[in-house]
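S.K.: the sequence and its predicted three-dimensional model are supplied below.
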Amino acid sequence: QVQLVESGGGLVQAGGSLRLSCAASTNGIIFRANNLAWYRQAPGKEREVVASVASSGFTKYADSVKGRFTISRDNAEKMLYLQMNSLKPEDTGVYYCACGIRRVAGDMVFDSWGQGTQVTVSS
């Protein structure tokens, strides 16, 4: 399994920005083949997908973050990023990066997860 380590979380006021990073411990060929995603889990809620970027580079966003968040990957550095702008209190939660190469019925399946990084947005 790929080891993933997130960083960049913190406390920010509403309207502010944060950039999350996720470092993968694998070789570049394996990293390039992986689909990647950011998930988040708010207190008392289920984990939800925020954004994903396929190995092809195709990106997809949850409706709640479209126009505010940008997911990107650097295959050479084996890094995943999430630029979060215009943050809202409802963006508060633990953010996890995930990776995987499988698809089931067309949907990406993520087998490796990071430990998470806390993002808190104050009003």
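M.R.: That came in fine, so what should we check first? What you are looking at is a predicted structure, and each value in this text was computed from that prediction instead of being measured.

S.K.: drop to CA atoms for contacts and neighbour counts, all remaining ones
M.R.: Noted.

S.K.: hmm, residue 48 is touching residue 37, no?
M.R.: No: contact criterion CA atoms under 8 Å: residue 48 and residue 37 do not qualify, at 10.6 Å.

S.K.: helices and strands around the helix or strand where residue 99 lies, which ones?
M.R.: For residue 99, the enclosing helix or strand under DSSP states H and E is strand 93-100. The criterion is 3 or more CA pairs under 8 Å, 6 or more residues apart in numbering; DSSP states H and E, and the helices and strands that strand 93-100 contacts are strand 3-7, strand 35-41, strand 107-109, strand 112-113, strand 117-122.

S.K.: same for the last one, what does it pack against?
M.R.: This points to strand 117-122. Short answer (3+ CA pairs under 8 Å, 6+ apart): strand 117-122 packs on strand 10-13, strand 93-100.

S.K.: so which of the ones you listed gets nearest residue 123?
M.R.: Nearest to residue 123, of all the helices and strands packed on strand 117-122, is strand 10-13, at 6.2 Å by CA to CA.

S.K.: immediately after the closest one, which helix or strand?
M.R.: Next element after strand 10-13 (DSSP H and E): strand 18-25.

S.K.: buried residues, that next one. List them.
M.R.: 18, 19, 20, 21, 22, 23, 24 (16 or more other CA atoms under 10 Å).
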